[in-house]
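Trainee: Using only what follows, build the 3D model:
(one chain, ligands or ions: 1)
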Amino acid sequence: MRNRHWNSQLENLRIDGARLRESIEVSASIGVTKNGGIRRCATTDEDRRMRDVFAKWVKEIGCKLEIDEMGNMFAIRPGRDRTLGAIMAGSHLDTQKTGGRFDGILGVLGALEVMRSINDARIELERDFIVVNWTNEEGGCFAPACMGSGVWTGNITKEWAYERRNRDGKKVFGEELARIGYMGDFPCSYKEWNIEAAYELHIEQGPILWNLNKQIGVPKGILCLHWYDVYLEGTANQVGPTPMEGRNDALLAFSEMCQTVNKVAHQMGNIVATVGEIENYPNSRNIIPSKVHFTVDVRSWDDKHALRAWQLMKKEFEIVAERRGCRIQSEDFWKVEHAVFDRNLVDLVLKSAEELGINSHRMVSGAGHDMSEINKVTRGAMIFVPSIEGRSHVEAENTSWEDCARGVDVLLRCILRSSQQNR
Ligand SMILES: [Zn+2]
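Mentor: Numbers count the residues shown, from 1 in each chain. Below you'll find the predicted structure:
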């Protein structure tokens, strides 16, 4: 790892924890909820306001900002040798409908803090350094998640993404992106970029680091993520005059299927499976439910294992549907394969933490991230910091400022190390 581009100035450089906190607090004031979380779904006015602030900050440090057709924002700091591949770091500034202050935000504003610190020290890096804000990572209003990075890697098409509708079907993603003024004209494709390595700093969103009292999590990769939709159709009828026998109650069928999802996951092991969304029609207390739509989320380190689990669930769903006299239809909505991070970058994260005297822990990521996508087209790695009590995707989501700063210092070191390698 030693090379002629490493010196004591780089060795001793640290980020400014107070400035990092300030930036995160500005972000936390945009779309603030009454319990101190953030509501900032992609393409809303709050998203626009946060993007405007980020763009202003990028401009203040004299970086060029490129906005692509999916609204992904790239702040570019040129390196000494522009023929070398760039080092990228970032995450997302959008949140869930009742999200927290750190999920994604720490990754973007932490990377920005790294860029500010390198600027303040007047360091010329060998390689370009790019800070990125990916559009709609959460899928909070428009599914699927990781939309901006998904188009960037070619996992989904731009056209399909533009056509996505929100839950009530009234809003169209492409129109909303244009409405907030962030449909750029730079082509949305990794092929437009020469990226040598990519990092994503993120809160863990689980309890492992918190429980082990470790400061840095170093995932070897991310579980696969499979999303399914199931549609049930029974028969609506007045609840009073219709006897219990012979009903085709779609909600009752669903309730068994919901148990099935949980049961199969327990039986198979090494897998998590969840029903998270359900729509019941006509959703009236005196009508037998005639239609149900629900979602199934399946994740595992082993893609085939996840597929087998879904096959098993589907088989049982069909038996239940038959017995309950309901028609069933299921759709594969979205799939991201499990991501294995680059071993050298993972080692570099571990080494950087060690050199800074911060204790770390090897793990896997159960949550999907933009890095699930990015890692397909370049060398990638992630850095986790503890979530207090393991909570996230909720307003109470929290990480100590000290842990945030530690995570950004590790990110800084990884970026300096990667930038100065001219292999
Ligand atoms: Zn996130």
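Trainee: so what's the closest residue to C141 other than its chain neighbours up against?
Mentor: In space, and not counting its chain neighbours, C141 is closest to C41: 4.0 Å by C-beta to C-beta, 6 or more residues apart in numbering. For glycine as for every other residue, the C-beta is placed from the backbone atoms N, C-alpha and C. Contact partners of C41, counting by C-beta atoms under 8 Å, 6 or more residues apart in numbering, are 47, 94-97, 138, 140-142.
Trainee: shouldn't L416 be in contact with L125?
Mentor: Yes. Applying C-beta atoms under 8 Å as the test, L416 and L125 come out as touching, 7.5 Å apart.
Trainee: Which one's more surrounded, those two?
Mentor: Taking other C-beta atoms under 10 Å, L416 and L125 do not tie; L416 has more neighbours (25 against 22).
Trainee: So which residue is smack in the middle of this protein?
Mentor: H369 (3.3 Å; C-alpha atoms, centre = their mean).
Trainee: what are the phi and psi values for the residue nearest to P144 when sequence neighbours are not counted?
Mentor: Of all residues beyond its chain neighbours, the one nearest P144 is W334 (4.2 Å), with distances taken as C-beta to C-beta, 6+ apart. Reported as degrees, to the nearest 10, the phi and psi values for W334 are phi -160, psi 140.
Trainee: how close does W334 get to H369?
Mentor: 15 Å (C-beta to C-beta, to the nearest Å).
Trainee: and if you look at E355?
Mentor: E355 is 25 Å from H369, by C-beta to C-beta.
Trainee: Output the contacts of C41 as JSON lines; include the columns secondary structure.
Mentor: Converted to JSON lines, the contacts of C41 look like this (DSSP: H, G, I helix; E, B strand; the rest coil):
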{"residue": "D47", "secondary structure": "helix"}
{"residue": "D94", "secondary structure": "coil"}
{"residue": "T95", "secondary structure": "coil"}
{"residue": "Q96", "secondary structure": "coil"}
{"residue": "K97", "secondary structure": "coil"}
{"residue": "E138", "secondary structure": "coil"}
{"residue": "G140", "secondary structure": "coil"}
{"residue": "C141", "secondary structure": "coil"}
{"residue": "F142", "secondary structure": "coil"}
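Trainee: near the ion, which residues of this protein?
Mentor: Within the chain, the positions lying close to the ion (C-beta under 5 Å from the ion) are 103-104.
Trainee: Low-confidence ranges, the chain, go.
Mentor: Scanning the chain for pLDDT under 70 picks out 1-4, 422-423.
Trainee: Common neighbours of L416 and L125, please.
Mentor: With contacts taken as C-beta under 8 Å, 6+ apart, the residues that reach both L416 and L125 are I118.
Trainee: My reading is that E245 lies in a strand. Confirm?
Mentor: No. With three-state DSSP as the criterion, E245 is coil rather than part of a strand.
Trainee: What is the burial count for it?
Mentor: Count around E245 with other C-beta under 10 Å applied: 5.
Trainee: For K291, see how far away it is.
Mentor: 21 Å.
Trainee: on that earlier part again, from D94, how far out is the residue nearest to C141?
Mentor: Separation of C41 from D94 (C-beta to C-beta): 6 Å.
Trainee: Thank you, goodbye.
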